[in-house]
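Asker: Could you work out the structure for the sequence below:
(one chain, ligands or ions: 1)
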Amino acid sequence: MKITFGEMREMGLRGVLVYCHCGHHVALDPDRWPDNVRLSDLEPRFICQGCGSRGADVRPDFERGNPRLAIRGYRSTT
Ligand SMILES: [Zn+2]
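Answerer: Numbers count the residues shown, from 1 in each chain. Sure, this is the predicted structure:
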């Protein structure tokens, strides 16, 4: 996915998920990276804490990060 953190924030997404091929994954707060960095730029930098291999899959956290979905879910229950 070739989007930047700035584009991701414009979409209302507030989290990233980093996946390793071994199944290990971690959720991160994207506020630490500037708008001009692409998510894919980070992939070679991660070293998995589970298996120790370098290189991961970085993608936006759609489920946690989209406030419109959260608001709709909240309103539907009231
Ligand atoms: Zn791993």
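Asker: Just want the most central residue of this structure.
Answerer: residue 16 (1.3 Å; Cα atoms, centre = their mean).
Asker: Tell me the bridge partners for that one.
Answerer: residue 28, residue 60 (DSSP bridges).
Asker: residues in contact with residue 35?
Answerer: Counting by Cβ atoms under 8 Å, 6 or more residues apart in numbering, residue 35 touches 4-6, 9. Yep, even glycine has a C-beta here, placed from its N, CA and C like the rest.
Asker: Whichever of these count as buried, I'd like them selected in ChimeraX; how would that read?
Answerer: Selection of buried members from these for ChimeraX, criterion 16 or more other Cβ atoms under 10 Å:
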select :4,5
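Asker: and of the contacts of residue 35, the nearest to the ion?
Answerer: Looking at those and their distance to the ion, the nearest is residue 5, at 23.3 Å (Cβ to the ion).
Asker: Just give the closest residue to that closest one, not the sequence neighbours.
Answerer: residue 33 (4.8 Å; Cβ to Cβ, 6 or more residues apart in numbering).
Asker: hang on, the earlier thing: can you list the contacts of residue 35 in JSON lines and add distance to the ion, pLDDT and secondary structure?
Answerer: Output for the contacts of residue 35, formatted as JSON lines (distance: Cβ to the ion, whole Å; pLDDT from 0 to 100; DSSP: H, G, I helix; E, B strand; the rest coil):
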{"residue": "4", "distance to the ion": "25", "pLDDT": "96", "secondary structure": "strand"}
{"residue": "5", "distance to the ion": "23", "pLDDT": "96", "secondary structure": "helix"}
{"residue": "6", "distance to the ion": "28", "pLDDT": "96", "secondary structure": "helix"}
{"residue": "9", "distance to the ion": "28", "pLDDT": "92", "secondary structure": "helix"}
